[in-house]
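Participant: following is a predicted model, sequence given first.
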2 protein chains.
Amino acid sequence: MAEVEVELIRIVINDTSAEQVIILREKGGKRAFPIVIGIWEAAAIHRHVMDQKTPRPMTHNLLAGVLEGLGVTLEKIVVHDVRQNTFFAKIVIKRDGNLIEVDSRPSDAVALATLLKAPMFVEERVFGKIIPPQILKFMEEEEDEEEEGKEED
Amino acid sequence: MAEVEVELIRIVINDTSAEQVIILREKGGKRAFPIVIGIWEAAAIHRHVMDQKTPRPMTHNLLAGVLEGLGVTLEKIVVHDVRQNTFFAKIVIKRDGNLIEVDSRPSDAVALATLLKAPMFVEERVFGKIIPPQILKFMEEEEDEEEEGKEED
């Protein structure tokens, strides 16, 4: 299965909602899609992207500490499927040249990849399975909000 | 340094606060103390203690998956120090008979221990460093709340 390298181009954090959004786009391409994630994971990804350190190891730092302590590295993360708007991912760990895959939510996978600066991939078929209207709807709503500004009040 | 085995005897979850509390007590003894943790970690510990499964792997499940994928086990967790009311812990991983220690917040360590049913320890000196009035104050406030019931409204 062909894997397409992607990059995180946006984190949309909405304090009044439990659901946050990250947008992944293919590197050097135009295909992009949103993934809905939790506020806690969104905050972690934001910290990692901004290179913000915390005084204590947060949970993804603990996970990174475990990998380091065991002398293994994060090779990559892969979003490999989407079913009923739910995305499935895995993290791929390298030990002595062997690759070990572990199931993960995309949010944790992206949080770990941004922390450890590991590459992120999406399997080609995932792009084919995303329902275009849903992406467009998301983009339109966002544009509407920007245009309307604070008229909602 | 002597390690005292402890058990989690209570999780105090307060939805209106960002700070939650877990209480650890020495096994077969009376010494107990509270640790303030975040709501997200408290929810994870609660799920693990209640043996509640989630449809997707949460972050501590991912960490457990990584340990399993690498063929290593969680030997124990240890709360080894407290400074200015902040507790410090480590998780101890066993690989081929060798022990590897990784720094952790107590909340993540307890979350992982409750998930993987690994034993929990506190270094003896930690008991000596906890300021007794703070524990008593915590206990008194809790009793007051119970006595007063809903009169606060």
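Facilitator: Cool, got the structure. Numbering: from 1, shown residues only, chains lettered A, B, ... in the order given.

Participant: got the phi and psi for the residue nearest the centre of chain A?
Facilitator: When chain A is reduced to its mean C-alpha position, the closest residue under C-alpha atoms, centre = their mean turns out to be residue A:110, at 3.7 Å. Comment: the main-chain dihedrals of residue A:110 come out as phi -70, psi -40, following degrees, to the nearest 10.

Participant: wait, what's in contact with it?
Facilitator: With C-beta atoms under 8 Å, 6 or more residues apart in numbering or on different chains as the criterion, the residues that contact residue A:110 are A:8, A:22, A:24, A:35, A:37, A:41, A:45, A:77, A:89, A:120. For every residue, glycine as well, the C-beta is placed using N, CA and C.

Participant: if you rank those by neighbours, which is first?
Facilitator: Counting neighbours by other C-beta atoms under 10 Å in any protein chain shown, residue A:89 leads these with 29 neighbours.

Participant: show me what whatever helix or strand that one lives in is in contact with.
Facilitator: Of the helices and strands defined by DSSP states H and E, residue A:89 is found in strand A:86-95. Contacting residues not belonging to strand A:86-95 are listed as A:35, A:67, A:70-82, A:99-106, A:108-110, A:112-113, A:126, B:56, B:62, B:66, B:69-70 [C-beta under 8 Å, 6+ apart].

Participant: mean confidence for it?
Facilitator: The predicted model assigns strand A:86-95 a mean pLDDT of 97.

Participant: now do it: distance to the chain's middle.
Facilitator: Shown here is strand A:86-95, whose average C-alpha point lies 11 Å from the average C-alpha point of the whole chain (C-alpha atoms, centre = their mean, to the nearest Å).

Participant: in chain A, which spans are strands?
Facilitator: Secondary structure of chain A (DSSP state E): strands at A:3-12, A:19-26, A:32-38, A:73-83, A:86-95, A:98-104, A:120-123.

Participant: deepest of these, which one?
Facilitator: The highest average neighbour count among these, using mean count of other C-beta atoms under 10 Å in any protein chain shown, belongs to strand A:120-123 at a mean of 23.

Participant: each with direction, which strands does that strand pair with?
Facilitator: Strand pairing for strand A:120-123, using DSSP bridges, gives strand A:3-12 (antiparallel), strand A:73-83 (parallel).

Participant: off-centre distance for that strand?
Facilitator: Here strand A:120-123 shows a centroid-to-chain-centroid distance of 10 Å under the convention C-alpha atoms, centre = their mean.

Participant: export that strand as PDB, just CAs?
Facilitator: What follows is strand A:120-123 as a C-alpha-only set of coordinates in PDB (Å, rounded to 0.1, in the frame of the first residue of the first chain):
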ATOM      1  CA  MET A 120       3.900  11.400   9.100                       C
ATOM      2  CA  PHE A 121       2.200   9.300   6.400                       C
ATOM      3  CA  VAL A 122      -1.300   8.600   5.200                       C
ATOM      4  CA  GLU A 123      -2.100   5.500   3.100                       C
END
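
Participant: quick one: contacts of it?
Facilitator: Residues outside strand A:120-123 that contact it (C-beta under 8 Å, 6+ apart) are A:1-8, A:24, A:26, A:76-81, A:109-110, A:113.

Participant: tell me the contacts of the closest residue to residue A:116 other than its chain neighbours?
Facilitator: Nearest-residue entry for residue A:116: residue A:74, 4.8 Å, with adjacent residues in sequence omitted and distances by C-beta to C-beta, 6 or more residues apart in numbering or on different chains. Residue A:74 sits next to A:64, A:67, A:91-94, A:112-113, A:116, A:118 when contact means C-beta under 8 Å, 6+ apart.

Participant: tell me what residue A:74 is bridged to.
Facilitator: In this entry, residue A:74 is beta-bridged to residue A:93, by DSSP bridges.

Participant: distance-wise, check it relative to residue B:109.
Facilitator: From residue A:74 across to residue B:109, the span is 22 Å (C-beta to C-beta, to the nearest Å).

Participant: burial of residue A:127, as a residue count?
Facilitator: Residue neighbour count, defined by other C-beta under 10 Å, stands at 16 for residue A:127.

Participant: residues contacting it?
Facilitator: Residue A:127 is in contact with A:4, A:26, A:31, A:33, counting by C-beta under 8 Å, 6+ apart.
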